[in-house]
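[1] return atomic coordinates for the entry below.
(2 chains)
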Protein chains: 2
Amino acid sequence: MQLDQLCMQLAIDKAWEFQLLTYPNPAVGAVITHHGRIVAIEAHQKAGTSHAEVLALLSAYENISGEQIGFDRFDAQMAHDFLLRLPSHFFRYCTIYVTLEPCNHRGKTPSCASLLSVLKPKRVVVAQVDPIDAHSGGIDRLRISGVVVETGVKRVLAQHLIEPFLIWQKRAFVLFKLAQTSNGRIGGGYLSSKASLMHVHRLREACDRMVIGGNTVRVDRPTLDCRLTGGKAPDITIYTREDTFDRNIPLFGVGGREVSIGNDLEYLCKPSFVLVEGGEGMLNAFSEQTDWYLFYQTPKLSAHNLTYNIDKDLTFLHSGTKGIDMMIWSKAKNE
Amino acid sequence: MQLDQLCMQLAIDKAWEFQLLTYPNPAVGAVITHHGRIVAIEAHQKAGTSHAEVLALLSAYENISGEQIGFDRFDAQMAHDFLLRLPSHFFRYCTIYVTLEPCNHRGKTPSCASLLSVLKPKRVVVAQVDPIDAHSGGIDRLRISGVVVETGVKRVLAQHLIEPFLIWQKRAFVLFKLAQTSNGRIGGGYLSSKASLMHVHRLREACDRMVIGGNTVRVDRPTLDCRLTGGKAPDITIYTREDTFDRNIPLFGVGGREVSIGNDLEYLCKPSFVLVEGGEGMLNAFSEQTDWYLFYQTPKLSAHNLTYNIDKDLTFLHSGTKGIDMMIWSKAKNE
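    This next block holds a predicted model:
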């Protein structure tokens, strides 16, 4: 039983709960121990709000002091100000585990490395050094301020976490989303639990563009909005050779959205997050372009004949649950 | 962040790693904290060897003292003797989380409740009270000896863990094992990783009887032994209407095994653990009789046409990994 390994695994698992929802930020998780006792397990949830370390420090404060904080914990500036006003050495018996090097630049939120260099926890354990030059330097800053920093615990697993982030620095990160039964059937009406559908809507809200096949649009006449989460509906590209769409199909009527039609994939060159939904046709069309697959797997065996025939080796990255469903993150195996 | 909830979840997850391999014992996990710091995560691994609490106490001892124990930790009698010779109150700052009430009877191993009532940890947290009258009373014994006991933390999840155990008290517990791609294809040669195959062989070793379809025997000419684990090959029932099998098929040549042939299901009335392997035919034949399904899901999409068409609602119980594969435990949803 290695406490460092356990805590980092808990931080990684927590970060996966918000994978891609933090776009354009990376998914990051943090765990804090106080005298070896786990007092916080948190993750960054949404760009522009408090980072994982900050949320974990607030939880740790509540847990150690027994006091509830009285402000919006997702307001990074307020959170930093609050933490900096605590008695000095409040976190002196704490170890902070974080899946990615604490940021060293002031972006939408103040720098976490700067915060930690003042709070001076006993130890900071980092899984993965920040690969973006402009952001790195956090570990150096901590060490200069006298904080003990260790790196490399569960590094490979932490690398998977930030792979989308690295890709969307250079070009579009493409996620193919598929809802299926446990035996790979994709027909028969809504397959997923309400919790899975909510998650799909949150992904739609986070992405820059949704791509969907022309056949699905003609047959299903979908809306493709984010009504379950109340967010802005994504721009849509209908992947098709010919524009023969009835403009009364609901997706065209959703306000504030652009709809483009065609089979040009030029937009994939642009750094962005692209969400693809569809069946066998779209799986084949985007076979080379898809970075990750997300399966919402329903606890059901089905005799429905709609499935997809495609040969592709994958690697499982992570699995979790959404309501009664499983959510399985996979990537194309291209090694 | 509730430490009790977290520790019990870790105990439950650990127990799942040995689910059914402990037959005829239940799957049980245990976690120990020392001053709130997690110092042991263990599970019962095999009937006749040390229980989860005992393995966890040994790990906790090693972690707290920094000393390695010098005997076989799976020898329950040695482990109990060793623990009872430790300085009194060695575990006084420890909380012990266990998924099932510590046993109160002396079976193949000494009673855990008796051991804990002497060791006197600070607190024992139990997820699920022992439902077998002859085994229960452990909590009462602990309380009488002055140990604080709490119950009910993650009780429902802990109930799932022992469901097979409750079933095989009365009749056969039937596990249907299926190896498939991520899109439900079951053809195309060995689908599973070495680690999954090893696990299958361990299940074969643990079960009382393996049932397989006549067609599989005729076409695949399997051996169905436990060569990867070196254990005794299970007795086999070939489920078929007519005995027209070539006795040169390897499974008939495995020593120390009984092979029966027919479609009588009388043996399911007997308290036991029955492992069924097969495809669509067997899924249908055992649709009413199957308690749980275990899917070994390979990270691969396949265009192979062999799949299975069956309508059945399931509930996911747990998922884990075996090498590159996922292992998904499900039960028939019969509510």
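[2] pretty sure residue A:83 is touching residue A:58, no?
    Yes: look at residue A:83 against residue A:58 with Cβ atoms under 8 Å: they come within range, at 7.3 Å. For glycine as for every other residue, the C-beta is placed from the backbone atoms N, C-alpha and C.
[3] I'd guessed residue A:180 sits against residue A:295; true?
    Yes: with contact defined as Cβ under 8 Å, residue A:180 and residue A:295 form a contacting pair (6.2 Å).
[4] which SS class is residue A:33?
    Three-state call for residue A:33 (DSSP: H, G, I helix; E, B strand; the rest coil): strand.
[5] I'd like to know how far residue A:78 sits from chain B.
    From residue A:78 over to chain B the distance is 21 Å, taken as Cβ to the nearest Cβ, to the nearest Å.
[6] torsion angles phi and psi at that residue?
    phi -60, psi -40 (degrees, to the nearest 10).
[7] count of neighbours near it?
    14 (other Cβ atoms under 10 Å in any protein chain shown).
[8] which element is the closest residue to it other than its chain neighbours on?
    Nearest residue to residue A:78, sequence neighbours excluded (Cβ to Cβ, 6 or more residues apart in numbering or on different chains): residue A:71, at 5.0 Å. Assigned by DSSP states H and E, residue A:71 belongs to no helix or strand.
[9] I figured residue A:71 hits residue A:82, correct?
    Yes: using Cβ under 8 Å, residue A:71 is in contact with residue A:82, at 6.8 Å.
[10] ok, those two, which is more surrounded?
    Using other Cβ under 10 Å as the criterion, residue A:71 and residue A:82 rank with residue A:82 on top: 18 against 11.
[11] you'd agree residue A:295 is in a strand?
    Yes: assessed with three-state DSSP, residue A:295 lies in a strand.
[12] surely it touches residue A:328?
    Yes: Residue A:295 is in contact with residue A:328 according to Cβ under 8 Å; the separation is 4.3 Å.
[13] who touches both of these two?
    Common contacts of residue A:295 and residue A:328 (Cβ atoms under 8 Å, 6 or more residues apart in numbering or on different chains): residue B:182.
[14] how about the contacts made by residue A:168?
    Taking Cβ under 8 Å, 6+ apart, one finds A:23-24, A:271-273 in contact with residue A:168.
[15] try it again with 10 Å
    A:20, A:23-24, A:26, A:174, A:208, A:270-274, A:291 (Cβ atoms under 10 Å, 6 or more residues apart in numbering or on different chains).
[16] can I get those in a markdown table with distance to residue A:38, secondary structure and neighbour count?
    Formatted as a markdown table, the contacts of residue A:168 follow (distance: Cβ to Cβ, whole Å; DSSP: H, G, I helix; E, B strand; the rest coil; neighbours: other Cβ atoms under 10 Å in any protein chain shown):
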| residue | distance to residue A:38 | secondary structure | neighbour count |
| --- | --- | --- | --- |
| A:20 | 26 | coil | 22 |
| A:23 | 28 | coil | 22 |
| A:24 | 30 | coil | 15 |
| A:26 | 23 | coil | 27 |
| A:174 | 36 | strand | 24 |
| A:208 | 37 | coil | 18 |
| A:270 | 41 | coil | 13 |
| A:271 | 37 | coil | 13 |
| A:272 | 37 | strand | 18 |
| A:273 | 32 | strand | 21 |
| A:274 | 37 | strand | 26 |
| A:291 | 33 | coil | 19 |
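[17] need the max-distance pair from those residues.
    Using Cβ to Cβ, the contacts of residue A:168 reach their maximum pairwise distance at A:26 and A:270, which is 18.8 Å.
[18] now do the shared contacts for residue A:180 and residue A:295.
    A:328, B:182-183.
[19] can you pick the most crowded of those residues?
    residue B:183 (26 neighbours).
[20] and the nearest residue to that one once chain neighbours are set aside, how many residues sit next to it?
    Counting by Cβ to Cβ, 6+ apart, residue A:184 is the residue found nearest to residue B:183 once chain neighbours are left out, at 3.4 Å. Counted with other Cβ under 10 Å, the neighbours of residue A:184 add up to 25.
[21] pLDDT score for the nearest residue to residue A:297 once chain neighbours are set aside?
    Distance criterion Cβ to Cβ, 6+ apart; nearest residue to residue A:297, sequence neighbours excluded, is residue A:326 at 4.5 Å. Looking at residue A:326, its pLDDT stands at 97.
[22] with the one 3 residues further on instead?
    Here, the pLDDT recorded for residue A:329 equals 98.
[23] for burial, what's the neighbour tally of it?
    Count around residue A:329 with other Cβ under 10 Å applied: 20.
[24] and if you look at residue A:303?
    For residue A:303, using other Cβ under 10 Å, the count is 14.
[25] leaving out chain neighbours, which residue sits closest to it?
    Here the residue nearest residue A:303, using Cβ to Cβ, 6+ apart, is residue B:309, at 4.0 Å.
[26] okay, now the one you found: neighbour count?
    15.
[27] how about the contacts made by it?
    Per Cβ under 10 Å, 6+ apart, neighbours of residue B:309: A:183, A:185, A:301-305, B:184, B:280, B:283-284.
[28] same thing but 8 Å
    Shown in contact with residue B:309 (Cβ under 8 Å, 6+ apart): A:302-303, A:305, B:280.
[29] that one: what secondary structure?
    coil.
[30] report pLDDT for it.
    96.
[31] any idea how far residue B:134 is from it?
    45 Å (Cβ to Cβ, to the nearest Å).
[32] thinking again about what came up before, inside strands: which ones of the shared contacts of residue A:180 and residue A:295?
    residue A:328 (DSSP state E).
[33] bridging residues for the residue nearest to residue A:297?
    Beta-bridge partners recorded for residue A:326 (DSSP bridges): residue A:297, residue A:321.
[34] cool, thanks, talk later.
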